[in-house]
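Student: no FASTA, just this:
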């Protein structure tokens, strides 16, 4: 293709005439809900962490014209704004973005909605159980205190009142357990909720019978307390899970961008990505990210595909070539033909890969589940044997049943149920302090068993953003910036960053694949590749740009991709701890080799596509290795969800963040800390389980021999739960080793 | 001893009030944003008392 065939995309750089038109949020109108005079918009805000952020965002938006309500949910990042009047939605998004936070249209997924309802239900059940347990305990203490002196009638009345409180409480708060046990039993299996439900129901029934007969012991207190403690564990787990799920919103946010479609009359209209069909003509503006896979209809286009392939150098494509969803258009506006629906795009494929990985991960048998599968049959058989044993010993039906039920209650897995969630919650809190955001509790167990670490290069080990080499002459930078400020090309942005704010040359022409050209002080200035400028003797290292002012000699501008500070020490400490490290990157062989050499890592794979990355991980998994994947780009998302455990830097694409198990801010030095803390947590959890087992060993003989009164059962339960929680709190004392 | 006959119902009634208040709070979404609630008290309002 000769240079004369090049279609030069000119853009008039009269800056800022119409800020609304140029706003990247101009499409957000599509997501506004109108209700009479009120307009409502849900935004997803990322980066808000503290009171100051909250105040800043809410107050700034509230002060906008017509805004009646602006509330930010700091836990989930959802920002709900209601306003009346002519205020455009894009202005609100602009305002928040201008304050320094990430903004996108929010779309609450079904899964998130379900989780929110589940958490709320657990909280309500917990409240009711707490009320019941406390009031019944009030009455039970009276009964125990009056042992020997209290008359039978008084005792019966107190038991009856306890029963009246217990009945609605058990029926309402016990639902999560009953429902779960029933759904599992229907399929002919058992989980931990089966003995729990059994114990609750039996305890309640036996107590009712005993109350009617005026008997001495009633277990209403034990039943309600059991429910209460177990619900605490469930609730904590649900909360940790929900906090994590909000990050998944950003995946939707990325495709939640209106697409500009050109209809048959030649009009450009904004449409919801969901209605785009193959064959539609799409207009992709400069700087806009493609939402569907398309084929270029114009002659040339320069794309930033780093999100998709990890390749850090921009890619020039010609007519007919494919533009993947997720790529950013670096040149002027282009037209393209949609190749598939949004749901069939590469973005959607990656999302599906994520889901597949999710399912694989939830099939991972947590330690708790393994403990339960041993525990359940054990508990049932012990109770049954106790009953039979006492019957054979001639104790009579009533006596035997009472002892069997008390065995069932005292062996009930309060400690077991709390062992894992409490440890997870404390560990997650500690990690948060250390700058690591943990997505789910069971991820900790997987982190603890990792033996191999696979690292992505761009954005993880290296900063991922080209930096102008420090040796460049200041005047050269200043001059180059006059052209560079007009372009969105990553190399131009690096120059503009290095130069700081300043003037832009008038009428800068951007030629895809070549460079920038403008007339400055009567001379033609060019900033671009060596070949275009005609400086043929220079090495054609794609990282170099050349600046030619008028007829002067072209001056080189070199770019490097610096390593994240602290990476070297982090890799050293990981290797010292015995992990095998390797690099898996989509970038070119020479750059990956360079970084590997610098860090002293011997194993690396370069030029890997997202599929190739996933395959590599499968291979490692086949070798029996437990892999920790560290990556940041969209091209890592599939690999992240397939690895045994995964972690992403805070600077990563949101999709990668939602695919991984944890997100770290504060550099790669967080990884050794994360692994160490996970191992501590795992040992604390095992300690808890051991304690729960030991407690049972002590409690069972007491129950079986008939010494377990409701008093004993209640005390034993509280004691075991508290002990397990205290042990978990020890994790908060974890200190990073320097 | 007959005091118990009216004291227990009173105690239970007060407990139920508390429970009712808790249920209302959960239903009206007051527990949906624990991080936000924790941080809002730290916000400096420059209005004079």
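Tutor: Looks like it came in fine. In this text the structure is predicted, and so the values were computed from the model without any measurement.

Student: State the pLDDT value of residue A:310.
Tutor: Note on residue A:310: pLDDT of 58.

Student: Over to residue A:513?
Tutor: For residue A:513, the predicted pLDDT is 68.

Student: got it, and residue A:17?
Tutor: 40.

Student: try the one 3 residues further on
Tutor: With respect to pLDDT, residue A:20 scores 44.

Student: For the stretch 101-250 of chain A, just list every one of the strands.
Tutor: Shown for the stretch 101-250 of chain A, the strands assigned by DSSP state E, counting those that start in this stretch span residues A:102-105.

Student: so where do the helices sit in it?
Tutor: A:110-145, A:152-173, A:175-186, A:193-212, A:220-245, A:249-255 (DSSP state H, counting those that start in this stretch).

Student: interface residues of chain A facing chain B?
Tutor: A:50-52, A:54-55, A:72-76, A:116, A:120, A:123-124, A:127-128, A:131, A:134-135, A:138-139, A:154, A:161, A:165 (CB under 8 Å from any CB of the partner chain). C-beta: built from backbone N, CA, C; applies to glycine.

Student: in what helix or strand does residue A:454 lie?
Tutor: Using DSSP states H and E, residue A:454 sits within strand A:452-455.

Student: What strands flank that strand, and is each parallel or antiparallel?
Tutor: strand A:580-584 (parallel), strand A:627-630 (parallel) (DSSP bridges).

Student: and the shortest one, how far out from the chain's middle?
Tutor: Think strand A:627-630. 16 Å (CA atoms, centre = their mean, to the nearest Å).

Student: contacting residues around it?
Tutor: Outside strand A:627-630, the residues that touch it by CB atoms under 8 Å, 6 or more residues apart in numbering or on different chains are A:447, A:450, A:452-456, A:460, A:579, A:584, A:617, A:620-621, A:636, A:639-640, A:642-649, A:660, A:668, A:671, A:675.

Student: how about it: buried residues?
Tutor: Buried residues in strand A:627-630, counting neighbours by 16 or more other CB atoms under 10 Å in any protein chain shown, are found at A:627, A:628, A:629, A:630.

Student: per-residue confidence at the first one?
Tutor: What it means is residue A:627. Model confidence at residue A:627 (pLDDT) stands at 90.

Student: Quickly list what it is bridged to.
Tutor: Going by DSSP bridges, residue A:627 is paired in beta bridges with residue A:452.

Student: Spit out the contact partners of residue A:45.
Tutor: Listed by CB under 8 Å, 6+ apart, the contact set of residue A:45 reads A:57, A:72, A:77, A:78, A:79, A:96, A:101, A:102, A:103.

Student: ok, the last one - how many residues close by?
Tutor: By other CB atoms under 10 Å in any protein chain shown, 24 other residues sit near residue A:103.

Student: Would you mind measuring from it to chain B?
Tutor: 17 Å (CB to the nearest CB, to the nearest Å).

Student: how far away is that residue from residue A:587?
Tutor: Residue A:103 sits at a distance of 30 Å from residue A:587 (criterion: CB to CB, to the nearest Å).

Student: can you check residue A:439 too?
Tutor: Residue A:439 is 27 Å from residue A:587, by CB to CB.

Student: So these two - more neighbours on which side?
Tutor: Neighbours per residue (other CB under 10 Å) separate residue A:439 from residue A:587, with residue A:587 holding more: 27 against 23.

Student: isn't that one right next to residue A:604, touching?
Tutor: No: if you go by CB atoms under 8 Å, residue A:587 and residue A:604 don't touch, sitting 10.4 Å apart.

Student: Make TSV from the contacts of residue A:45 and add distance to residue A:301 and pLDDT to it.
Tutor: Below are the contacts of residue A:45 laid out as TSV (distance: CB to CB, whole Å; pLDDT from 0 to 100):
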residue	distance to residue A:301	pLDDT
A:57	36	91
A:72	38	91
A:77	34	79
A:78	36	85
A:79	34	91
A:96	31	89
A:101	31	84
A:102	27	78
A:103	27	83
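
Student: Now, of those, which are buried?
Tutor: Of the contacts of residue A:45, these count as buried by 16+ other CB under 10 Å: A:57, A:72, A:77, A:78, A:79, A:96, A:101, A:103.

Student: residues of stretch A:30-47 that come out buried?
Tutor: Buried, per 16+ other CB under 10 Å, within stretch A:30-47: A:31, A:32, A:39, A:40, A:41, A:42, A:43, A:44, A:45, A:46.

Student: Could you export the strands paired with strand A:452-455 as CSV, including distance to residue A:278?
Tutor: Formatted as CSV, the strands paired with strand A:452-455 follow (distance: least, CB to CB, whole Å):
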stretch, distance to residue A:278
strand A:580-584, 33
strand A:627-630, 34
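
Student: pretty sure residue A:54 is touching residue B:37, no?
Tutor: No: counting by CB under 8 Å, residue A:54 stays clear of residue B:37, with 10.3 Å between them.

Student: These two: which is more packed in?
Tutor: Neighbours were counted for residue A:54 and for residue B:37 using other CB under 10 Å; residue A:54 has more, 22 against 13.

Student: So what does the more buried one have for phi and psi?
Tutor: When read as degrees, to the nearest 10, the backbone of residue A:54 gives phi -60, psi -50.

Student: For it, give me its contacts.
Tutor: Residue A:54 neighbours (CB under 8 Å, 6+ apart): A:48, A:72, A:74, B:36, B:39, B:40, B:43.

Student: And those residues, which is closest to residue A:559?
Tutor: residue A:48 (33.1 Å; CB to CB).

Student: The closest one reaches residue A:72, doesn't it?
Tutor: Yes: between residue A:48 and residue A:72 there is a contact under CB under 8 Å: 6.4 Å.

Student: list the residues that contact both of those two?
Tutor: With CB under 8 Å, 6+ apart as the test, residue A:48 and residue A:72 both reach A:54, A:57.

Student: just checking, residue A:409 touches residue A:203?
Tutor: Yes: counting by CB under 8 Å, residue A:203 is a contact partner of residue A:409 at 5.5 Å.

Student: Overlap in contacts, these two.
Tutor: What both residue A:409 and residue A:203 touch, as defined by CB under 8 Å, 6+ apart, is the set A:219, A:222, A:223, A:226.

Student: If any of these are buried, give me the PyMOL selection for them.
Tutor: Listed next is the PyMOL selection for buried residues among those, using 16+ other CB under 10 Å:
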select buried, chain A and resi 219+222+223+226
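
Student: tell me which of the shared contacts of residue A:409 and residue A:203 is nearest to chain B?
Tutor: residue A:223 (17.8 Å; CB to the nearest CB).

Student: Quick one, grab the pLDDT at the closest one.
Tutor: 89.

Student: ok, now which ones touch the nearest residue to it once chain neighbours are set aside?
Tutor: Nearest residue to residue A:223 in three dimensions, chain neighbours excluded: residue A:203, at 4.2 Å (CB to CB, 6 or more residues apart in numbering or on different chains). Going by CB under 8 Å, 6+ apart, residue A:203 touches A:219, A:220, A:222, A:223, A:226, A:405, A:408, A:409.

Student: I'd say residue A:558 and residue A:472 touch.
Tutor: Yes: the pair residue A:558 and residue A:472 passes the contact test of CB under 8 Å, sitting 6.9 Å apart.

Student: More neighbours: those two, which one.
Tutor: Neighbours per residue (other CB under 10 Å) separate residue A:558 from residue A:472, with residue A:472 holding more: 18 against 15.
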